[in-house]
Structures are given as C-alpha cells and as structure tokens.
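**Q** pasting the sequence and the predicted model now:
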Amino acid sequence: QVQLVESGGGLVQAGGSVRLSCAASGRTISIYAMGWFRQAPGKEREFVATIDWSGDDTVYANSVKGRFTISRDSALNTVYLQMNSLKAEDTARYYCARSASGGATDPLWRFVDWGQGTQVTVSS
C-alpha cells in the first residue's frame with residue numbers, strides 16, 4: 001500500500017494559480033499511473049487529470065484542459081497539479097490517487113490508494 005499526502009491547497013482569488021503536491025511513501029510510485037480528482041460539497045467525486053507511469057502521457061477533464069497541468073517527479077516520489085486561471089467552480093477538495101497499473105487512461109476503479117485531500121477555495 002502507498003500512503004499519499006496532498007498539500008498546497010488554500011484560498012486563492014479567481015484568475016490566480018496554485019500548485020498542489022502529492023507526496024507518496026511506502027513504496028515507489030514510479031511504475032504506476034497517478035491521478036488527481038476533486039469533490040465539491042454536495043457533488044460526486046470527479047476526475048481532474050491523470051498521468052501515466054512514465055510521465056509522457058496525460059489526460060485531463062474538459063473543464064480543466066488548458067488550465068491545469070499534471071506532472072511527476074519519480075526521484076521525489078511526488079506528483080503535482082499546477083492549477084492556473086482558477087475559477088470559482090474549481091472550488092473543491094482535491095485528492096491524489098495511485099492506480100494499480102500504469103496507464104493514463106486507467107478507469108476510476110483502478111485507483112486503489114487515496115490521500116486525505118487538500119481544500120482549494122477560489123474566491124470570485
């Protein structure tokens with residue numbers, strides 16, 4: 001099992017930027033796809049972005065495409081989510097997750113380890 005700890009959330013103005021980090025421990029995540037998901041109050045958890053094991057392939061939700069960038073640093077066992085041009089509708093708790101396999105298109109059910117999340121609140 002992998003332990004995941006997210007950080008970097010907070011209160012930001014609309015149009016601003018935030019970088020989330022997800023530090024993994026317990027085992028290397030370098031051979032697994034990683035993902036970011038988010039959940040707003042009263043809504044279901046939704047997909048934000050995934051990155052394959054190599055870092056070469058990424059997938060984004062349409063709502064964040066062109067504004068968010070997922071990346072990874074295998075040496076640090078860490079995954080990042082750079083969030084630019086933030087909107088009020090991006091307000092949510094953001095979760096990092098590890099897939100049981102390596103593909104960027106892995107379905108939700110393959111994500112077996114989850115962090116506790118970090119809150120991002122965008123003020124308009």
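**A** That came through, no problem.

**Q** which residue is nearest the centroid of this structure?
**A** residue 36 (2.2 Å; CA atoms, centre = their mean).

**Q** what sits opposite that residue in the beta ladder?
**A** For residue 36, the beta-bridge partners are residue 49, residue 96 (DSSP bridges).

**Q** and it, what does it touch?
**A** Counting by CB atoms under 8 Å, 6 or more residues apart in numbering, residue 36 makes contact with 20, 22, 48-50, 68, 70, 79, 81, 94-97. To be clear about C-beta, it is placed using only N, CA and C from the backbone, and glycine gets the same treatment.

**Q** hmm, try it at 6 Å
**A** By CB atoms under 6 Å, 6 or more residues apart in numbering, the contact set of residue 36 is 48, 49, 81, 96.

**Q** show the pLDDT at it.
**A** With respect to pLDDT, residue 36 has a value of 98.

**Q** what does residue 50 give?
**A** 97.

**Q** ok, it touching residue 104?
**A** Yes. Taking contacts as CB atoms under 6 Å, residue 50 lies within contact range of residue 104: 4.8 Å.

**Q** between these two, which is the more surrounded one?
**A** residue 50 (26 against 21; other CB atoms under 10 Å).

**Q** skipping adjacent residues, who's closest to that one in space?
**A** Nearest residue to residue 50, sequence neighbours excluded (CB to CB, 6 or more residues apart in numbering): residue 35, at 4.1 Å.

**Q** any regions of the protein where pLDDT drops low?
**A** Along the chain, no part satisfies pLDDT under 70.

**Q** give me the distance between the residue nearest to the centre of the chain and residue 83.
**A** Per CB to CB, to the nearest Å, residue 36 is found 9 Å from residue 83.

**Q** likewise residue 89?
**A** 12 Å.

**Q** what about those two, which has more around it?
**A** residue 83 (26 against 11).

**Q** what residues are up against the more buried one?
**A** So residue 83 contacts 18, 68 (CB under 6 Å, 6+ apart).

**Q** in the sheet, who's paired with it?
**A** What pairs with residue 83, by the bridge criterion (DSSP bridges), is residue 18, residue 68.
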